[in-house]
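Student: any chance you can model this:
(3 chains)
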Amino acid sequence: MKLPAARHDWDIDTQAAAAVQRELAGRIIRRGSLGKLRYAAGLDCAFPAEGRECLAAAIVWDMEKSCIVEEQHATAPTLFPYIPGFLSFREAPAILAALEKVQHRVDLLMFDGHGIAHPRRLGIASHVGLLCDMPSVACAKSRLTGLHVEPGPQRGNRTQLLAKDGEELGAVLRTRDNVKPVYVSIGHKTTLDEAVNTVLRCGRGLRLPEPTRLADKRVAEIKKDMART
DNA sequence: GCGACAG
DNA sequence: ATCTTGTCGC
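Tutor: Reported below is the predicted structural model:
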């Protein structure tokens, strides 16, 4: 897919990165887009070569037929260490490279990580969604920020993830009966309800939605045969 | 200064 | 994320 050329530097320190996040956060659109949402691109990364490079995979999932329609992957040098709150500066370059290779139509991006449920309201889903100017949803396996009570035990049960000042940051969603819930939040150009529905629609019997779960599986496989050669 | 802390 | 085998449960 064609991605906007205007981007910022990635090889910067945490102070500059935080400044970028605060500036870009103001451009995030917390409303739904117009078009039909059928093709979701799940993104995830792994770190081959002892972490010196980042490998990203994009799995384009047909939400109607529940099948993969395309998959691409790319690598980029790892320019940033893992620091909570700055995940996108570590993974976004490789993810954008993988997305550039995608030929099929994509209606939304799905991430393993947070969106606006972030200290400066610009988690990786929001950051990449904004740079691609695409609707994006976030589905993280654990909390980064925000407060919440435990949701009910059944699939579909949810509670609010709230900031100290009461701002709604996301939803703590049970995607499988009696299994640890996931943290869903708006990335860009979506509403929280759309994000929650998308996550539920993309997941059947498992805790994580298919697009990101399959992307995780892919990078693990690729990394594996990268190692044995 | 002391905890918390996506992947 | 990554290092790692078997094992308990649906």
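Student: show me what the residue of chain A found nearest DNA strand C bridges to in the sheet.
Tutor: Across chain A, the shortest distance to DNA strand C (CB to the nearest atom of the strand) belongs to A:Ala46, at 3.4 Å. Bear in mind the C-beta positions are built from the backbone N, C-alpha and C, glycine included. For A:Ala46, the beta-bridge partners under DSSP bridges are A:Leu55.
Student: neighbours of it, how many?
Tutor: 23 (other CB atoms under 10 Å).
Student: got the contact list for it?
Tutor: Going by CB atoms under 8 Å, 6 or more residues apart in numbering, A:Ala46 touches A:54-55, A:216, A:219-220, A:222-223.
Student: how near is it to A:Leu200?
Tutor: In this view, A:Ala46 and A:Leu200 are 26 Å apart by CB to CB, to the nearest Å.
Student: can you tell me the closest non-neighbouring residue to the residue nearest the centre of chain A?
Tutor: The centroid of chain A falls nearest to A:Phe111 when counting by CA atoms, centre = their mean (1.6 Å). In space, A:Phe111 comes closest to A:Ala125 once its chain neighbours are excluded; the distance is 4.0 Å by CB to CB, 6 or more residues apart in numbering.
Student: just checking, the one you found touches A:Gly113?
Tutor: Yes - between A:Ala125 and A:Gly113 there is a contact under CB atoms under 8 Å: 6.3 Å.
Student: mutual contacts of those two, please.
Tutor: Contacts common to A:Ala125 and A:Gly113, judged by CB under 8 Å, 6+ apart, are A:Ala138.
Student: higher neighbour count, those two?
Tutor: Taking neighbours as other CB under 10 Å, A:Ala125 and A:Gly113 compare with A:Ala125 leading, 34 against 28.
Student: part of a strand, is A:Ser185?
Tutor: Yes - the assignment for A:Ser185 is a strand, going by DSSP: H, G, I helix; E, B strand; the rest coil.
Student: which ones are touching it?
Tutor: Going by CB under 8 Å, 6+ apart, the list of residues near A:Ser185 reads A:114-117, A:123, A:125, A:137-138, A:140, A:161, A:169-171, A:192, A:195.
Student: and of these, the nearest to A:Glu70?
Tutor: A:Val137 (18.9 Å; CB to CB).
Student: helix, strand or coil for the closest one?
Tutor: Applying three-state DSSP: A:Val137 is strand.
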